[in-house]
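J.: I'll drop the sequence and a predicted model, then ask my questions.
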Amino acid sequence: MSAGPGRPFPADLVDFEKGVASRRLFVDRDIYDRELENIFARCWLFVGHESQVPNPGDFVLSRMGEESVILNRDLGGKLHVFLNTCRHRGMRVCRYDFGNTREFLCPYHGWLYGADGTLQGVPQFREGYHSELDRSAWGLIEVAKLETYNQTVWATWSADAPSLTEYFGEARFYLDNFLAPPDGGNGRLEVIGGIQKWITPCNWKFGAENFIGDYYHGISHESADRLAMSPSGKKGRHTHDVVKARTVKVNLSYPEHGHGVRSTVVVGDFPYTSLYPENPAVDAYFRDAHEKRRQRLGEQSRIYGGGGTLFPNMSFSNGRTSIAVWHPHGPEQTEVWRYYLVPEDAPQEVKDVLRHYVIRYQGPSGLTEQDDLENWNMAAAASRGTIARRHPYNYQMGLGHEATTGRYEWLARGALVTEGISEQNQRGFLKRWVALMQD
Amino acid sequence: MSAGPGRPFPADLVDFEKGVASRRLFVDRDIYDRELENIFARCWLFVGHESQVPNPGDFVLSRMGEESVILNRDLGGKLHVFLNTCRHRGMRVCRYDFGNTREFLCPYHGWLYGADGTLQGVPQFREGYHSELDRSAWGLIEVAKLETYNQTVWATWSADAPSLTEYFGEARFYLDNFLAPPDGGNGRLEVIGGIQKWITPCNWKFGAENFIGDYYHGISHESADRLAMSPSGKKGRHTHDVVKARTVKVNLSYPEHGHGVRSTVVVGDFPYTSLYPENPAVDAYFRDAHEKRRQRLGEQSRIYGGGGTLFPNMSFSNGRTSIAVWHPHGPEQTEVWRYYLVPEDAPQEVKDVLRHYVIRYQGPSGLTEQDDLENWNMAAAASRGTIARRHPYNYQMGLGHEATTGRYEWLARGALVTEGISEQNQRGFLKRWVALMQD
Amino acid sequence: MSAGPGRPFPADLVDFEKGVASRRLFVDRDIYDRELENIFARCWLFVGHESQVPNPGDFVLSRMGEESVILNRDLGGKLHVFLNTCRHRGMRVCRYDFGNTREFLCPYHGWLYGADGTLQGVPQFREGYHSELDRSAWGLIEVAKLETYNQTVWATWSADAPSLTEYFGEARFYLDNFLAPPDGGNGRLEVIGGIQKWITPCNWKFGAENFIGDYYHGISHESADRLAMSPSGKKGRHTHDVVKARTVKVNLSYPEHGHGVRSTVVVGDFPYTSLYPENPAVDAYFRDAHEKRRQRLGEQSRIYGGGGTLFPNMSFSNGRTSIAVWHPHGPEQTEVWRYYLVPEDAPQEVKDVLRHYVIRYQGPSGLTEQDDLENWNMAAAASRGTIARRHPYNYQMGLGHEATTGRYEWLARGALVTEGISEQNQRGFLKRWVALMQD
Amino acid sequence: MDTSTDIERLLLVRRVEEFLYREARLLDERRFEEWLKLLADDLRYWMPMTRNVRFDEAERAETRERQDVNWFDEGKETLLLRVQQIRTGVHWAEEPFSRTCHCVTNVLLDAVTPETVSVNSRFLIYRNRGDTEVDLFAGKREDVLLRAAEGFLLRRRKIVLDQNVLLAKNLTIFF
Amino acid sequence: MDTSTDIERLLLVRRVEEFLYREARLLDERRFEEWLKLLADDLRYWMPMTRNVRFDEAERAETRERQDVNWFDEGKETLLLRVQQIRTGVHWAEEPFSRTCHCVTNVLLDAVTPETVSVNSRFLIYRNRGDTEVDLFAGKREDVLLRAAEGFLLRRRKIVLDQNVLLAKNLTIFF
Amino acid sequence: MDTSTDIERLLLVRRVEEFLYREARLLDERRFEEWLKLLADDLRYWMPMTRNVRFDEAERAETRERQDVNWFDEGKETLLLRVQQIRTGVHWAEEPFSRTCHCVTNVLLDAVTPETVSVNSRFLIYRNRGDTEVDLFAGKREDVLLRAAEGFLLRRRKIVLDQNVLLAKNLTIFF
Ligand code: FES
Ligand code: FES
Ligand code: FES
Ligand SMILES: [Fe+3]
Ligand SMILES: [Fe+3]
Ligand SMILES: [Fe+3]
């Protein structure tokens, strides 16, 4: 029963009433091919951060779906995202990971594109083309829409896509939270040099679902939890360091959009907890930020840590400020790109501390993500088989227990909300996934 | 013309009248996918030997079709075969090749299964699942049926499968013969530690067909035959050492079941032939066994050596007591698992001699199987092409010369039988194969 | 929308009016599979050169489509091309790259084929086959037709194929030119020992199209052009060394056949240009050849250099006398075989000079082809994606400016012709490609 | 002839080789605690990421130590954590554990001072895990060895892994 | 300084290296009969299989010599058979023959006695065959060399191949 | 003991190793102009192709120097062109440039004369390029080093690459 592009979509892949989903979602080539068309060629996708291309002519490679794209700033300073391919015979026009350039020269036959994507020169234009080639129609393939949001850059191949803020919906509140510096002010984040890129053998949705709200995979990180690796140097991960106040975990799902967020909310009093007692400068920075944030955000400053996935494949972790993009790379392979961010105007010492912690925490060399990657890989592999595919995955945790109002009015606006532990967000993700795939 | 699962099966792939079969059987992805469903998800498959898991809690990994399964003994001593995948999100629950365990803990989210496959613990059962998860419905996926036969363990995913002895049919006589110790008594065989596992680039049916009765591929082993490698140290392989009496080769096919057996039968007098003159203890063991066997089995002790394939993919070689399982691993790849067995109560010297000979004889380091593997590989590769696929394989040897009664009544019960050299057994194998594939 | 064998062929893949062609032609598995059937199993294919198998019993491996074939001379001296597979169970019967043999013994079961392909011996013919096997029907699979043309050897799987000269059509004029020695006489070329074989990650049509008339990819070789690598040791490639006379580039397309040729024609006076001033013996050879050629060919000696592609996958470069065969190896992979030829009766010094130049010029170690290979690879890879596939390649150069008569009557007989730079030949190639694929 | 300094040098080279080979062996034999003892307390262990840049911008290819994101950029304390993690038995990425084969080649001495020896070498590390997982890591190491009473101690290691997109799912082994 | 024992050691290390490198070269150049001459008559040649086990059960990973099934577990007489088989010209798995490249690295001496030298090393063996067949074998060797009149003889070789499921169709080459 | 010739030999071996390792390093660090200085003016640089032949026809496997088509069959002047080409910045096959790791192992001396030293070795070269391109080249080298005033110079290099069909799209690197 094929589910490839252009064929009717099997109705029984996900059963929201029973809370189960077919393993085929994670291993099937036809479904994957359909995702490339119905999801990655339509949705808004995260492509980068303005701090990567501060100056006119700056460019950096990124990806959309399986394809290489160029994120750059033209000579007038305008941002663009182009498919990295020549219109003539398809050659990859940009082969460097980053740099600054006024133009993209195709090395195959020499078509020359400006930084704004226009086709500026074609060898033999007069002699060979008799000046008949319509150069205006053969510029670089540009995304249908590009928008930035607080320095993050997003693009879509769909001219019918809603505006980016519409696309975010109310989940935007949590993106704002993520993109704000520790003091809750208007400062910016910046990407630290170097994007971690690696290939991991599992379907892209493992990462997307995991970050959307898998608060219940503690056993995955049992080994990290036994170490003294947290910023404070105490037992376990940073999650062990957090506020002594009573907190509650909150899951927020936006099934219309597919986004999902997990967050920790402080219930009672909310004093600063020193994570860096041995490093006074850093400690002072965070203490100060903590105070300012409380003052600025008031009750809303109760949100603490967390993260989520913006549909389909951009996951963010706050606290440890990083973004993971789960680029599809075949039904059983993902190319992960992980960006690390720090507050632009924090002192160098603070940046160092953040950088050092997060790179030993996440990524393929990180003490926690290593075990996630292993679990996703082996789960994917063990789901491929003839018999395995007959048995769906179980998404029943908290099924039917979703609420529509949270502890605070501002907390769960527009969302389904479950306090504590639930698979609500994964179900919400799949809701949107099915809606798009059925199209 | 696709032949994948769920589509009508091409009628012309095998022509039993002409004795030809399409090369597509050995290279085509669609046919292969259909085999996984119609054959490997339905037939009884060999999964191991009780001597591998003697004690409660013992487990060993095995395979069924392309999938990893766990063969284990629960705490009450009962044997089980489980698909090696968690019911929650599919994680491989057992990642060690063998061992002893009371339980299988899934490292992704911590679902805990007992050695009997029951789901015993689920983190967040109360908080997350509101105690609503029906744990009794989400245990490990167990085979539909499991049976043992003289210590060998078999399983099937089909609840409609006949009993194992029905499945064997009259071929059982030869399995009995294989599983009996040299003295023909009730002693057991045991698997020597370590299963040879290797990946070889050819369709799984090459091995299955070869062992079912390819008595005519002597040229494959021409190089081994020129060596002095037999147990007696004389020229050639063990096949050169055997009884001086007049013998006749017999091929037995059970097309209803797909099994096939090849055997050597002694026609005249049948004295003991000393293979180990330089090793008195070993020699004495076999001399004694020889006598006991004659007394016990009488006329039926005339069967000597041989082997066969029990449909679909378990091949056994007696004399050199080993079992090969041809696990499908893609249309052009097989993962071979080879088990070596010795009589449980033989003296250590005898076990040593048997072990030493068989591992230099079979397997990827064995002096004979190396050349088989090469031939299968290159035959498969040269059958893949556009033109090659238009020309069927030839299975005509002895076509129309099958008899239904053998030299002795007990020898060919329920079988087609051909003395000497024939492709009868391969045709019988394909008969069953077509019947299952047409379903 | 599948385009595999046996399905209707999508009408919109190539639009000759607009001069565009879908990227799917270069990345799509279904289209590729159809090519194997509709093109490689039907067209005349280049398989080698008589100088590779001068004596009875000589053989050399070659390829047709994805398959290994044997080009050999039987004991009577007759040329044959056989599929390299045994009729019994498909084993590759010839596993050496070249040699001399009276027979091909299959190492699996010992079927023995003569050098003329007849099945001469079958083990167990009497005992196993009861002498019933029709050996005359089970010889090696031979091509439907084999023809030689001035020492080059061609074969086809199609019994309906026209004669080879019909197949060449008027493009034969340029093949004659290519196969003639420098003096334009009747001397022969010979293949220098060793065929370069390598695997490169792009569709086979990249090479075929490039050599058919890509006169406009100078930027690809910008780096070579900056070196002093030409035979004369002056700046650039040999193309910089050529005659000082006024020349004009000519493109010739034979859309009925798919062939295409590019050539340089001298317009005015045509004196010898010394390329080897420092090597008097070589210089003398070429000076002499130049004069003889002028005398022999008269006006037609104006053709100078060039090359082309004979549909589908044989490309020749004259001047630097080599043949490339673009063997398909999957939709995104090609196995290139490159033959280097020299005039058989040239002095050794001349052969050395030619050999030395051409192997540092072409092939994977050659200073120019390295950059071609890179461009084809990256162009292919950047054409695979979901969005990329929506944007066709541009073939508009010179569209509508093809003439049917050339500067000289003999030059463009039966051809479309464009002087200077054009993509006419690539369009002609695709014309034939579409015609065959639609069948 | 006066070869005594040459011989001194030879002996030093061999001592360095033995240090590196023994270290590799400890890693391959999973004797991680003994390996930790070969590390100086102030060790810097750094593996930059490498990016694709123009022929004349090679110096921009590598991410910078202590400034950019790197694959590794740490000290002994973090390596200790990594060892401890493996020893928990619940570090799933290493359960079952990787089979590693550290091949060290092309050992060259750079600066030799009374306190330290700088060493340049190449490595090929083959990793095999589970049924059929294979990774091949190749690259260069630039080490600084401290001459301590108990023998050499590793004070600094820069590892240049010759990959752009990392072709392994994780980096749970030591380099 | 008193470096004479150090120098003795150096010379011994190099003699061992030369033995191993020459041996590798004989194998790569298919001079198998000369290779056999480097083997002591009582040679044990053993390659266990390796299994996936828990972090703390590494000693159970390998199959046991002379007890379990192993990839190789034999003496010189069987190696002689293997060589003879290759020389028949009808050993199809080696027709056409494999191109091998035996890289031996990390040579370390273990026990040195008046009669024997124990050696630990790493190997990477690249095999290429036919058109495009490639295998990469990586692992460790533990050798015991016998000091004989004619030079070293190989008395014992344990080969640990770092694979669980063997990723090659056969093992027709020597390690 | 009389080890002085042995020591001479040891020193020579190390000098040869250092030459080869330094050469490899220059290549890996893309210091091609310095590398060219290590080449004698009359250098022969030859990489034959290898064909599949019968067990007893090994000598026909390789294409012949200066007669047949080879992968490389050239002198210093062509290597100079190759370096110049890379330095143009428009040699697309090397834009972005390859990351190479030249591992040289099994260094053995053959003929040693007052003028030259003949050396046999093995190599494994890992190449990584672009995002995910990987090639592994393995084989043997037979070098002749010229003893010049400034140290060794490479006078002759035969490279046997253990591949039949070349498994790389190009050979833009040095061996
Ligand atoms: S592919 Fe870019 S100019 Fe031709
Ligand atoms: S996958 Fe096993 S508990 Fe979640
Ligand atoms: S495959 Fe050739 S004889 Fe059987
Ligand atoms: Fe996690
Ligand atoms: Fe056999
Ligand atoms: Fe070109």
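T.: Done, it's in. Ligands and ions are numbered 1, 2, ... in the order given.
J.: what does chain A put close to chain F?
T.: Contact residues (CB under 8 Å from any CB of the partner chain) of chain A with chain F: A:95-97, A:107, A:197, A:199. Yep, even glycine has a C-beta here, placed from its N, CA and C like the rest.
J.: farthest-separated two in these?
T.: Across the residues of chain A next to chain F, the longest distance by CB to CB is 26.0 Å; it joins A:107 and A:199.
J.: tell me the helix or strand right after the top strand by length along chain D.
T.: With DSSP state E setting the assignment, residue counts place strand D:133-148 as the longest strand in chain D. For strand D:133-148, the following helix or strand on the C-terminal side (DSSP states H and E) is strand D:151-161.
J.: for that next one, give me every contacting residue.
T.: Strand D:151-161 is touched from outside by D:15-16, D:19, D:23, D:38-40, D:42-48, D:50, D:62, D:65, D:71-72, D:116-117, D:123, D:137-146, D:175, with contacts defined as CB atoms under 8 Å, 6 or more residues apart in numbering or on different chains.
J.: each with direction, which strands does it pair with?
T.: strand D:39-47 (parallel), strand D:133-148 (antiparallel) (DSSP bridges).
J.: turn those strands into TSV, columns for mean pLDDT and mean neighbour count.
T.: Output for the strands paired with strand D:151-161, formatted as TSV (pLDDT from 0 to 100; neighbours: other CB atoms under 10 Å in any protein chain shown):
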stretch	mean pLDDT	mean neighbour count
strand D:39-47	98	18
strand D:133-148	98	20
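J.: what element comes up after the top helix by length along chain D heading to the C-terminus?
T.: In chain D, assigned by DSSP state H, the helix with the most residues is helix D:4-28. Next helix or strand after helix D:4-28 toward the C-terminus (DSSP H and E): helix D:32-36.
J.: in that next one, what counts as buried?
T.: Across helix D:32-36, burial judged by 16 or more other CB atoms under 10 Å in any protein chain shown covers D:32, D:35-36.
J.: could you do stretch D:72-87 as well?
T.: Residues of stretch D:72-87 classed as buried: D:72-76, D:78-82, D:84-87 (neighbour count, 16+ other CB under 10 Å).
J.: report the two of these separated the most.
T.: Pairwise over those, using CB to CB, the maximum falls at D:73 and D:87, 23.2 Å.
J.: now residue A:193: closest residue in space, sequence neighbours ignored.
T.: Excluding the flanking residues, the one nearest residue A:193 by CB to CB, 6 or more residues apart in numbering or on different chains is residue D:68, at 3.6 Å.
J.: and for that neighbour, the neighbour number?
T.: Here the number of neighbours of residue D:68 (other CB atoms under 10 Å in any protein chain shown) works out to 18.
J.: does it touch residue A:191 like I think?
T.: No: look at residue D:68 against residue A:191 with CB atoms under 8 Å: they stay out of range, at 10.1 Å.
J.: what's the single longest helix in chain A?
T.: Per DSSP H, chain A has its longest helix at helix A:280-297.
J.: just how off-centre is stretch A:312-326 within its chain?
T.: Relative to the mean C-alpha coordinate of its chain, stretch A:312-326 is positioned 5 Å out (CA atoms, centre = their mean, to the nearest Å).
J.: can you measure across it, start residue to end residue?
T.: Start and end residues of stretch A:312-326 are separated by 9 Å (CA to CA, to the nearest Å).
J.: check whether it contacts chain B.
T.: No: interface with chain B: stretch A:312-326 contributes nothing (CB under 8 Å from any CB), its closest point being 15.8 Å away.
J.: average model confidence for that stretch?
T.: The average pLDDT within stretch A:312-326 is 91.
J.: same check on stretch A:232-245?
T.: Stretch A:232-245 shows a mean pLDDT of 74.
J.: and for stretch A:394-404?
T.: With pLDDT averaged residue by residue, stretch A:394-404 scores 96.
J.: what sits against residue A:176?
T.: Residue A:176 touches residue A:150, counting by CB under 8 Å, 6+ apart.
J.: surely residue D:119 is in a strand?
T.: Yes: under DSSP: H, G, I helix; E, B strand; the rest coil, residue D:119 sits within a strand.
J.: grab the nearest non-local neighbour of it.
T.: In space, residue D:119 is closest to residue D:143, 4.5 Å off (CB to CB, 6+ apart).
J.: got it, and residue A:45?
T.: Nearest to residue A:45 is residue A:64, by CB to CB, 6+ apart, at 5.0 Å.
J.: go on, residue A:115?
T.: residue A:74 (4.3 Å).
J.: quick one: contacts for the closest residue to chain F within the stretch 301-439 of chain A?
T.: Of all residues in the stretch 301-439 of chain A, residue A:335 sits closest to chain F, at 8.6 Å by CB to the nearest CB. Contact analysis of residue A:335 by CB under 8 Å, 6+ apart lists A:63, A:197-200, A:327, A:329, D:165.
J.: and if we set it to 6 Å?
T.: Applying CB atoms under 6 Å, 6 or more residues apart in numbering or on different chains, we find residue A:335 in contact with A:199, A:327, A:329.
J.: quick one: which of the strands paired with strand D:151-161 is nearest ligand 1?
T.: For the strands paired with strand D:151-161, proximity to ligand 1 was assessed by CB to the nearest ligand atom; strand D:133-148 is nearest, at 32.3 Å.
J.: which bits of chain D sit near chain F?
T.: By the rule CB under 6 Å from any CB of the partner chain, the part of chain D lying against chain F is D:6, D:10, D:52, D:55, D:105-106, D:108, D:122, D:124, D:138-139, D:162-165.
J.: residue D:86 touches residue D:93, doesn't it?
T.: No: taking contacts as CB atoms under 6 Å, residue D:86 lies outside contact range of residue D:93: 9.2 Å.
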